[in-house]
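Asks: Everything below, folded, please.
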Amino acid sequence: MEPTMILGLLFAVGGGGALVYGIFQILKLRAFMEGSQKVVATVTSVTVSTSTDSEGETTTTYRPTVRFETLDGVEHSAQTYHASSNYDYDVGAKVTVLFKPGEDKVRIPGVMNQWLPPAILIVLGCAFGVVGLKVAFF
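Replies: Numbering: from 1, shown residues only. The predicted structure is shown next:
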């Protein structure tokens, strides 16, 4: 096998993996959304994580824990599904969350933190897959 063919196949496999993972995340999110309830919650704490990259750039992400009451009157406490730089809420702040009975995490609704990451994976997966196949076979 030629080195360009191997490189192309590696790109195609990596792109295929990103594509499959992006689709999996979209399906997982849709399943969560189907049975979820929108409730107003109160932020009870925020876990702050800071990381520094090789160029010295610092990134801070926040993962709130919220307390809320479901539509049937049961009180719950849960962390958000993931951390985000947009989740810099003060303790005591009111925030709308999506809660699905039986799940131990909540999601904060919004395109940027729900739909955009898997969509980016799908687009990049397609791009890498096409480029990889083109390099490998054409």
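
Asks: Give me the average confidence score over the helix ranked longest in the chain.
Replies: Once the chain is assigned using DSSP state H, the helix that runs over the most residues is helix 3-34. For helix 3-34, the per-residue pLDDT values average out at 92.

Asks: Can you list the strands that the helix or strand just after it pairs with?
Replies: For helix 3-34, the following helix or strand on the C-terminal side (DSSP states H and E) is strand 37-52. Strand 37-52 sits in its sheet next to strand 58-69 (antiparallel), strand 94-99 (antiparallel), going by DSSP bridges.

Asks: Quick check: which of these is buried the most?
Replies: Most buried of those by mean neighbour count (mean count of other CB atoms under 10 Å) is strand 94-99; its value is a mean of 18. C-beta: built from backbone N, CA, C; applies to glycine.

Asks: Quick one: name whatever helix or strand follows that strand.
Replies: strand 105-107.

Asks: So which elements touch that next one?
Replies: Applying 3 or more CB pairs under 8 Å, 6 or more residues apart in numbering; DSSP states H and E, one finds that strand 105-107 makes contact with strand 75-80, strand 94-99.

Asks: From the chain's centroid, how far away is whichever helix or strand comes after it?
Replies: Note on strand 105-107: by DSSP H and E, the next helix or strand toward the C-terminus is helix 116-137. Using CA atoms, centre = their mean, to the nearest Å, the mean C-alpha position of helix 116-137 is found 19 Å from that of the whole chain.

Asks: Kindly report the same for stretch 28-48.
Replies: 13 Å.
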